[in-house]
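K.L.:
Structure of the sequence below:
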Amino acid sequence: MQRLSFKDNIRACAVCKTWREACVSVRVDEYPTPWLISYTLDKEEYELYDPLLDKTYIRKSTSPDLRDPFIECSTDGWLLMHDNNFIETFFFNPFTHERIGLPWPDMWNTQALAFSSAPTSNGCVIFSVFHVTKRSVIIKTYCLDTKECTAFMFPHRLPLKDGGFEHVVFSNGVFYCLASIGWLGMFDLSTTSWNVLSRRAPKCVSPNDRFMTEYQGDIFLIYTNTHDLDDQPRYLKLDLANQKWTDKIRLGGLAFYLSSKSSLTANRDLLYNQQMHQRCICSYVWVKPPLNVSDLFKS
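P.N.:
Numbers count the residues shown, from 1 in each chain. Alright, predicted model coming up:
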């Protein structure tokens with residue numbers, strides 16, 4: 001089993017339970033396969049779903065503010081979320097039950113929100129598109145280490161106000177913000193500058209059919225509903241040098257795990273599971289599990 005490629009390792013998992021356990025035990029991966037976390041209304045619990053083993057774990061909520069929470073975004077296995085009354089804002093790790101409060105006022109009143117890294121790491125920065133008008137955009141950042149909030153105002157003449165933002169992705173020191181009408185705004189942390197891509201992304205059938213994600217510095221757009229005859233997803237890659245999105249790209253075995261609040265990319269064949277889509281009737285998001293996730297969920 002040690003000599004199998006990752007692709008063949010995945011295929012061997014389907015032979016039987018014994019082979020699957022053997023394959024998983026020897027697999028060397030960049031990080032474990034993303035897991036899906038979902039909350040069901042009016043329940044003091046949440047589910048963690050491992051798509052590789054097709055296994056679901058039920059976790060009890062550890063505090064009242066985790067009942068029916070509102071998830072803003074996810075990075076490095078952590079969730080940034082509000083309680084259902086939008087009073088408390090906090091980080092939460094669904095694997096370890098760690099909770100970190102966040103005393104940043106007016107955070108919920110934003111058009112886009114993301115954070116750069118785990119709140120337990122050095123230099124974690126929270127990013128917010130606080131307000132957009134026809135002529136300007138207000139960006140706010142909050143440094144978790146220094147507890148300092150900084151506001152920036154940038155002029156622009158693009159119609160970013162209409163429809164708000166769909167997705168925010170952080171990569172190589174830059175927050176990429178995709179507006180619902182296709183414009184891509186980019187905020188560079190090192191230069192504190194805001195720029196907008198000169199060409200819009202192609203239109204989508206509906207906001208729920210377009211997702212943005214990153215992998216090793218590359219930014220991707222995935223269209224899941226193209227109305228093509230073959231009903232295949234469409235993949236685009238950001239070409240900053242030419243200020244455009246490039247079509248007909250080579251994916252090289254990348255797999256995309258898509259949700260409205262957080263989309264992850266991994267270097268492996270896509271593992272599609274129809275049950276995953278049938279059961280997610282509540283708030284859900286993909287999260288990056290810790291390397292020792294198997295130790296945390298031993299039977």
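
K.L.:
mind listing the helices for the stretch 1-150 of the chain?
P.N.:
Shown for the stretch 1-150 of the chain, the helices assigned by DSSP state H, counting those that start in this stretch span residues 6-12, 17-26.

K.L.:
and the shortest one, what's its mean pLDDT?
P.N.:
Averaging the model's pLDDT scores along helix 6-12 yields 60.

K.L.:
How about the longest one?
P.N.:
Per-residue confidence for helix 17-26 averages out to 69 on the pLDDT scale.

K.L.:
before we move on, what about stretch 71-80?
P.N.:
Averaging pLDDT residue by residue across stretch 71-80 gives 91.

K.L.:
try stretch 137-147
P.N.:
Averaged across stretch 137-147, the pLDDT comes to 91.

K.L.:
how close does N195 get to M81?
P.N.:
N195 sits 30 Å away from M81, going by C-beta to C-beta, to the nearest Å. C-beta: built from backbone N, CA, C; applies to glycine.

K.L.:
If you count surrounding residues, which of the two has more?
P.N.:
Between N195 and M81, M81 has the larger neighbour count (other C-beta atoms under 10 Å), namely 24 against 16.

K.L.:
Go ahead and confirm the more buried one touches P69.
P.N.:
Yes - if you go by C-beta atoms under 8 Å, M81 and P69 touch, sitting 4.7 Å apart.

K.L.:
Need the overlap of contacts for the two.
P.N.:
Listed as contacting both M81 and P69 by C-beta atoms under 8 Å, 6 or more residues apart in numbering are F92.

K.L.:
Just want to check the distance between the most centrally placed residue in the chain and D76.
P.N.:
The centre of the chain sits closest to S262, judged by C-alpha atoms, centre = their mean, with a distance of 1.9 Å. Applying C-beta to C-beta, the value for S262 to D76 is 11 Å.

K.L.:
S259 now?
P.N.:
Distance of S259 to D76, given as C-beta to C-beta: 16 Å.

K.L.:
And for F256?
P.N.:
Distance from F256 to D76, by C-beta to C-beta: 18 Å.

K.L.:
now do L240
P.N.:
For L240, the distance to D76 equals 24 Å [C-beta to C-beta].

K.L.:
who's more crowded, the two?
P.N.:
Remark: of L240 and D76, D76 carries more neighbours, 17 against 12, as counted by other C-beta under 10 Å.

K.L.:
W183 contacts V196, doesn't it?
P.N.:
Yes - the criterion here is C-beta under 8 Å, and W183 meets it with V196 at 5.7 Å.

K.L.:
Which parts of the stretch 151-299 of the chain are strands?
P.N.:
In the stretch 151-299 of the chain, strands defined by DSSP state E, counting those that start in this stretch lie at 165-171, 174-179, 184-188, 193-196, 210-215, 218-223, 234-239, 244-246, 254-257, 264-267, 283-287, listed in chain order.

K.L.:
Mind putting those into TSV with mean pLDDT and distance to F154?
P.N.:
What follows is the strands of the stretch 151-299 of the chain, written out as TSV (pLDDT from 0 to 100; distance: least, C-beta to C-beta, whole Å):
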stretch	mean pLDDT	distance to F154
strand 165-171	91	15
strand 174-179	94	12
strand 184-188	94	9
strand 193-196	92	4
strand 210-215	91	21
strand 218-223	92	20
strand 234-239	92	20
strand 244-246	94	22
strand 254-257	85	31
strand 264-267	81	29
strand 283-287	83	29
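
K.L.:
and of those, who's closest to Y49?
P.N.:
Ranking the strands of the stretch 151-299 of the chain by proximity to Y49 (C-beta to C-beta) places strand 283-287 first, at 8.8 Å.

K.L.:
got the angle for that closest one vs strand 210-215?
P.N.:
Orientation check (axes from the mean of the first three to the mean of the last three C-alpha atoms, to 10 degrees): strand 283-287 against strand 210-215 gives 20 degrees.

K.L.:
just checking, what packs against strand 283-287?
P.N.:
Strand 283-287 makes packing contacts with strand 35-39, strand 70-75, strand 78-82 when contacts are defined by 3 or more C-beta pairs under 8 Å, 6 or more residues apart in numbering; DSSP states H and E.

K.L.:
let's see it at 6 Å
P.N.:
Applying 3 or more C-beta pairs under 6 Å, 6 or more residues apart in numbering; DSSP states H and E, we find strand 283-287 packed against strand 35-39, strand 70-75.

K.L.:
Give me the neighbour count for the spatially closest residue to A266 that is not a sequence neighbour.
P.N.:
Nearest residue to A266, sequence neighbours excluded (C-beta to C-beta, 6 or more residues apart in numbering): A255, at 5.2 Å. Using other C-beta under 10 Å, the number of residues around A255 comes to 17.

K.L.:
If anything else comes up later, I'll come back, but that's it for now.
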